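S.K.: sequence and predicted structure below; questions after.
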Amino acid sequence: MTMPAHRRAPRLLSALTRALLCGTGLLAPVAMAQDNVRLPDLGSSANALISKQEAQAYGASMLRQMRALDMVVDDPLVDDYINDLGFRLVAASAKPDEHFSFFVVKDPEINAFAAPGGYVAVNAGLVAITRNESELAGVIAHEIGHITQNHLERAFEASRKDAPLMALVLLGALAAGAANNTGDAPMAVLAGGQGLIAQRSINFTRKDEIEADRTGIQTLANAGFDPRGMAGFFSHMQDVLSANAGGMGNTPSMLQDHPVTSARISDAKSRAGGLIAAQKLRPGGSTLVKSQWESTTAPIPFVHDVTTLFSPSAQQRGETYALMRERLRVLTGDASKEALRYRSSFDKHGFDTLATRYGYALALTRSGDGTQAIAQLQPLIEKQPDNLILQLAMADARLQAGQRAAALAIYEKLNLHSPRNRAVALAYAQALTTGGAPAQAATAAELLRPLLSNAVEPQLYTAYARASEKAGDTERAGEAFADASYYSGRPFDAMEQLKRLLKRDDLDYYARVRIQARIAELTPLVLELHKRKIQTQDRPDGDR
């Protein structure tokens, strides 16, 4: 029996991360066949091989192609949380002004990786096994360390004869395989890529790993997290490795890519302990004096402690982390099975917390039992009436249960209190559009339009397009549908939609100018893809 493409995505991603992500979990460059790409010898400067702008373009292309394979958790609440956590760490890192973007991968395997342009990915499976936010922050801080310490550039320097096409090529091949092949054919595309892609993995040195650990631990401390979080996660991973000692096939990908040794754990604990001791010695205030930690950590530029810049308390952050961890369990699993698992954990193990009750309610809503979800959420909201995450879950549950008016009232109140919140605006707009009159759809479009500035999430464009279409603004709808295709990793579809839209006789001057500008923006990309015969999901033959 052939597995559907959308269900093969986790297996493809697992293979992809093993093939692309090596040593540190950092993305490895991919070179095309020699007759397609011949880079000149650009000297010894790694930055000459790949500029910051090129790196960001490659990382963005990778993310779009991963979306084409349905590998990314595109959920506004999860996305906002992981980026808030990531940027809190970036602000306390050695290079707070660098470009970064954080996202969660729809994969149950335990892994994380850093990609060109400051793109940092964390698998849903990794989030699920962390025990507290400092452990999760420790993993992300480690990946940030690889970027801030220029490990990727060093790797390019070590293999400068390879073309840094990276994930754009390999993910394109996988996208075509997922769309057009059956069985294990996509896996064969990946494993047998000698004809199309000559991949050269880059293994980072032990020095790079130690450096990323040390800078990551310092970043954890600077950002107000427990610096022991990284060592705690390493210890947890070592326990996982011991549990799987009888069958290496079950070893988490992160343990294959990030070897965990007793020496590494000991070093992480020692450095964290030194930072904690230094914090206890400092004479009040919020600044960790450099001389107090310099002897216990790698020498990186000093960064002021930024914990006072973030209003949520440690308890609130911990609760949000726990809620998002359960949300990810439900979003990336089978909702009906997750509901049964939660019920069993309550009945047999007494594991009953705010977060698990929230996860249970979310699973009930997604499996079609909104009425029961309302009953689960009500006591939680009575205890925390101002919790946006719980209130949003209640609105979703009421909408699923057929209580549309009550749901809209909650969405409207949340939107008044948290304007421009993407999760609220998206849910509210979708509720207004579905089953609503054109006037409500117009309101939905107005809610979403301000959020589209610099947005890269296809679901925002799709929701805006549907709202605009129902409201009668077919020009804006057509533009938004094209943007949704582009950010979903379908650039050729996007271009064709824009060209068809431009042929309309009823376009006003401003709409025509907007569409022409977007076509001009996309043209270099599609020409480059065509020139290099790179496959994408909407152009699987690669040479049309």
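M.R.: Perfect, thanks for sending it. Numbering: from 1, shown residues only.

S.K.: make it CA atoms for all contacts and neighbour counts henceforth
M.R.: Will do.

S.K.: domain map for this protein?
M.R.: 5-308, 334-418, 421-544 (automatic domain parsing).

S.K.: where along the stretch 101-250 of the chain do the strands fall?
M.R.: Secondary structure of the stretch 101-250 of the chain, counting by DSSP state E, counting those that start in this stretch: strands at 101-105, 112-115, 119-123, 197-199.

S.K.: any idea which of these is most buried?
M.R.: Mean neighbour count (mean count of other CA atoms under 10 Å) peaks for strand 112-115 among these, with a mean of 28.

S.K.: helices or strands up against that one?
M.R.: Applying 3 or more CA pairs under 8 Å, 6 or more residues apart in numbering; DSSP states H and E, we find strand 112-115 packed against strand 26-27, strand 119-123, helix 133-148.

S.K.: that older thread, for the strands of the stretch 101-250 of the chain, which one sits closest to Met394?
M.R.: The closest approach between Met394 and any of those, judged by CA to CA, belongs to strand 101-105 at 24.1 Å.

S.K.: from the contact counts, what lies against the closest one?
M.R.: Counting by 3+ CA pairs under 8 Å, 6+ apart, the elements that strand 101-105 packs against turn out to be helix 76-91, strand 119-123.

S.K.: could you dump those to TSV with distance to Ala405?
M.R.: What follows is the helices and strands packed on strand 101-105, written out as TSV (distance: least, CA to CA, whole Å):
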stretch	distance to Ala405
helix 76-91	23
strand 119-123	37
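
S.K.: what is the longest helix belonging to the chain packed up against?
M.R.: Looking only at the chain and at elements set by DSSP state H, the helix with the highest residue count is helix 509-531. Under the contact definition 3+ CA pairs under 8 Å, 6+ apart, helix 509-531 sits against helix 491-502.

S.K.: can you list the buried residues in the helix it packs on?
M.R.: Applying a neighbour-count criterion of 16 or more other CA atoms under 10 Å, the buried positions in helix 491-502 are Pro491, Phe492, Asp493, Ala494, Met495, Gln497, Leu498, Leu501, Leu502.

S.K.: quick check: the gap between Asp208 and Tyr81.
M.R.: Between Asp208 and Tyr81 the distance is 28 Å, computed by CA to CA, to the nearest Å.

S.K.: ugh, wrong one, Asp334
M.R.: Asp334 sits at a distance of 22 Å from Tyr81 (criterion: CA to CA).

S.K.: also Tyr461?
M.R.: With the distance defined as CA to CA, Tyr461 ends up 21 Å from Tyr81.

S.K.: those two: which is more packed in?
M.R.: Set Tyr461 next to Tyr81 and count neighbours by other CA atoms under 10 Å: Tyr461 wins out with 25 against 18.

S.K.: confidence-wise, which of the domains of the chain is weakest overall?
M.R.: Taking the average pLDDT of each of the domains of the chain, the minimum falls on domain 5-308, with a mean of 65.

S.K.: let me know whether Ala223 touches Leu89 as I believe.
M.R.: Yes: with contacts counted by CA atoms under 8 Å, Ala223 reaches Leu89, the gap being 5.7 Å.

S.K.: who's in contact with stretch 435-442?
M.R.: The set of residues external to stretch 435-442 that reach it, using CA atoms under 8 Å, 6 or more residues apart in numbering, is Ala429, Leu432, Thr433, Ala467, Ser468, Lys470, Ala471, Gly472.

S.K.: out of those, which end up buried?
M.R.: Ala429, Leu432, Thr433, Ala467, Ser468, Lys470, Ala471.

S.K.: what ranges do the helices span in the stretch 301-450 of the chain?
M.R.: Shown for the stretch 301-450 of the chain, the helices assigned by DSSP state H, counting those that start in this stretch span residues 314-331, 335-349, 354-366, 370-383, 388-400, 404-417, 422-433, 438-448.

S.K.: of those helices, which approaches Gln537 most closely?
M.R.: The closest approach between Gln537 and any of the helices of the stretch 301-450 of the chain, judged by CA to CA, belongs to helix 314-331 at 23.8 Å.

S.K.: helices or strands next to the closest one in the packing?
M.R.: For helix 314-331, the contact count by 3+ CA pairs under 8 Å, 6+ apart identifies helix 76-91, helix 124-129, helix 354-366 as packing neighbours.

S.K.: just say which of those helices is most tucked in.
M.R.: Comparing the helices and strands packed on helix 314-331 by mean neighbour count (mean count of other CA under 10 Å), helix 354-366 comes out on top with a mean of 25.

S.K.: what angle do that helix and helix 370-383 make?
M.R.: Orientation note: helix 354-366 sits at an angle of 150 degrees relative to helix 370-383 (axes from the mean of the first three to the mean of the last three CA atoms, to 10 degrees).

S.K.: and helix 354-366, what does it pack onto?
M.R.: helix 314-331, helix 335-349, helix 370-383, helix 388-400.

S.K.: can you lay out those as CSV showing mean neighbour count?
M.R.: Supplementary listing: the helices and strands packed on helix 354-366 in CSV, determined by neighbours: other CA atoms under 10 Å:
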stretch, mean neighbour count
helix 314-331, 19
helix 335-349, 15
helix 370-383, 17
helix 388-400, 22
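
S.K.: who wins for proximity to Ala114 among the ones you listed?
M.R.: If you check each of these against Ala114 by CA to CA, helix 314-331 wins as the nearest, at 20.3 Å.

S.K.: angle of that closest one against helix 335-349?
M.R.: Counting by the same axes, to 10 degrees, helix 314-331 lies at 120 degrees to helix 335-349.

S.K.: can you list contacts of helix 314-331?
M.R.: Residues beyond helix 314-331 that count as contacts (CA under 8 Å, 6+ apart) turn out to be 73, 77-78, 81, 124, 127-128, 132-133, 338, 354-356, 358-359, 362-363.

S.K.: circling back to that earlier point, put together CSV for the helices and strands packed on helix 314-331, with distance to Asn454 on each row.
M.R.: As requested, the helices and strands packed on helix 314-331 are arranged in CSV below (distance: least, CA to CA, whole Å):
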stretch, distance to Asn454
helix 76-91, 15
helix 124-129, 25
helix 354-366, 30
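
S.K.: touching, Arg466 and Ala477? I think so.
M.R.: Yes: in this structure, Arg466 sits in contact with Ala477. The criterion is CA under 8 Å, and the distance is 6.6 Å.

S.K.: check contacts around Phe225.
M.R.: Neighbours of Phe225 in contact, by CA under 8 Å, 6+ apart: Ser134, Ala137.

S.K.: ok, now Phe87?
M.R.: Under the criterion of CA under 8 Å, 6+ apart, the contact list for Phe87 reads Phe100.

S.K.: against Gln149, how distant is it?
M.R.: Phe87 sits 17 Å away from Gln149, taking CA to CA as the criterion.

S.K.: try Pro379
M.R.: The span separating Pro379 from Gln149 equals 48 Å under the rule CA to CA.

S.K.: can you check Ala480 too?
M.R.: The separation that Ala480 has from Gln149, given CA to CA, amounts to 38 Å.

S.K.: same check on Lys207?
M.R.: The span separating Lys207 from Gln149 equals 11 Å under the rule CA to CA.

S.K.: compare these two (neighbour count), which wins?
M.R.: Here Lys207 and Gln149 are set side by side on neighbour count (other CA under 10 Å), and the busier one is Gln149, at 17 against 9.
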